[in-house]
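Visitor: The following block contains a protein sequence and its predicted model.
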Amino acid sequence: MARRLEGKIALVMGAGSIGPGWGNGKAASVLFAREGAKVVAVDRDATAAAETTRVIREEGGECIEAVADISRVADVEAVIEKTIDTYGRIDVLQNNVGIVGLGNAVKVTEEAWEKSFAVNARGLMLSCQKVLPHMVAQGGGSIINVSTIASVRYLGFSYTAYDASKAAVNALTRSIAVEFGPKGVRANTILVGMMDTPLARGGIEAAGSNVDKIYSGYTDTIPLRRMGTGWDTANLALFLASDDASYITAAEIPTDGGLIARCL
Ligand SMILES: NC(=O)c1ccc[n+]([C@@H]2O[C@H](COP(=O)([O-])OP(=O)(O)OC[C@H]3O[C@@H](n4cnc5c(N)ncnc54)[C@H](O)[C@@H]3O)[C@@H](O)[C@H]2O)c1
């Protein structure tokens, strides 16, 4: 059976994982490679980028790594140049980077607000802005922006800066889809739900809470009664990256076990 991304070049921003295990970006990078893509694994953390690259190569896939902070325009330009120099095109851009800014509207610091927007919104915008001309020139491509159900629903956590910056991601993706659709570019948003990833575990542990207890509280409210995993996000990303999704753009698709449908 033909692999779904055979011959495609996939640039993944935030391709590492902040700890051992499988985050959304690491799982997507590995799955893209399993499906035939040549992957450029970009991360601010060199060790994290190298680990994803190692896994892909050990499985027989093709991957090069690059270290970049997506909130810095020079870094974004450098990794795109490296991708074009190496492969000549970019078929898939997955923007996975996201950082959490704590605090409600009164408690959030200006610094946390600025940082969330600098990385989650501005950094993501920069990577779209710099990749789009290449996609237009080559006749199309697929942009997958990783957001959260917290960008459209209040989930019970005071993450004002995070939620607002991710809502900006949704709006930006919609604009790109409408304005660049005629040039063959598709742009979609993944609304990630409650995933058991190193990022989520680390956040709970840093707050001094018990992971199992917190997860059990979450799963009681998730219609499918389980936490998601990085692979649930990766499987949706693979579909959106592939030609199977050739008529899908401007969509905001949850991978959340149905949580978004609940009111209470
Ligand atoms: N894990 C969850 O439960 C959950 C829920 C909702 C949404 N999300 C979203 O999923 C995405 C990340 O998920 P993950 O599990 O892969 O997280 P992760 O933190 O494990 O992976 C993200 C990677 O991005 C890198 N990174 C951080 N800032 C960067 C920057 N400025 N430039 C380049 N790289 C940077 C980190 O080093 C890390 O390796 C985020 O967009 C997040 O908002 C996650």
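Guide: Sure, I can see it.
Visitor: ok, for the residue in the stretch 51-200 of the chain that the ligand sits nearest to, nearest residue in space, not its chain neighbours?
Guide: Residue of the stretch 51-200 of the chain nearest the ligand, by Cβ to the nearest ligand atom: Gly98 (2.3 Å). No exception for glycine: its C-beta is placed from N, CA and C like everyone else's. With sequence-adjacent residues excluded and distances taken as Cβ to Cβ, 6 or more residues apart in numbering, Gly98 is closest to Asn120, at 5.5 Å.
Visitor: Return the residues in contact with the one you found.
Guide: Listed by Cβ atoms under 8 Å, 6 or more residues apart in numbering, the contact partners of Asn120 are 97-99, 162, 165-166, 168-169.
Visitor: 7 Å instead, please
Guide: 98-99, 165-166, 169 (Cβ atoms under 7 Å, 6 or more residues apart in numbering).
Visitor: tell me which residues of the helix or strand Leu132 falls within are tucked away?
Guide: Here Leu132 sits within helix 124-138, counting by DSSP states H and E. Judged by neighbour count using 16 or more other Cβ atoms under 10 Å, the buried positions of helix 124-138 are 124-128, 130-132, 134-135, 138.
Visitor: Name the nearest of those relative to Tyr215.
Guide: Leu124 (28.0 Å; Cβ to Cβ).
Visitor: Would you check that that closest one makes contact with Val169?
Guide: Yes: Leu124 is in contact with Val169 according to Cβ atoms under 7 Å; the separation is 5.7 Å.
Visitor: Next, count neighbours for Asp243.
Guide: For Asp243, the count of nearby residues is 10 (other Cβ atoms under 10 Å).
Visitor: so what secondary structure elements neighbour the helix or strand hosting Glu65?
Guide: Assigned by DSSP H and E, Glu65 belongs to strand 62-67. If you count contacts as 3 or more Cβ pairs under 7 Å, 6 or more residues apart in numbering; DSSP states H and E, strand 62-67 packs onto strand 38-43, helix 46-58, helix 73-87.
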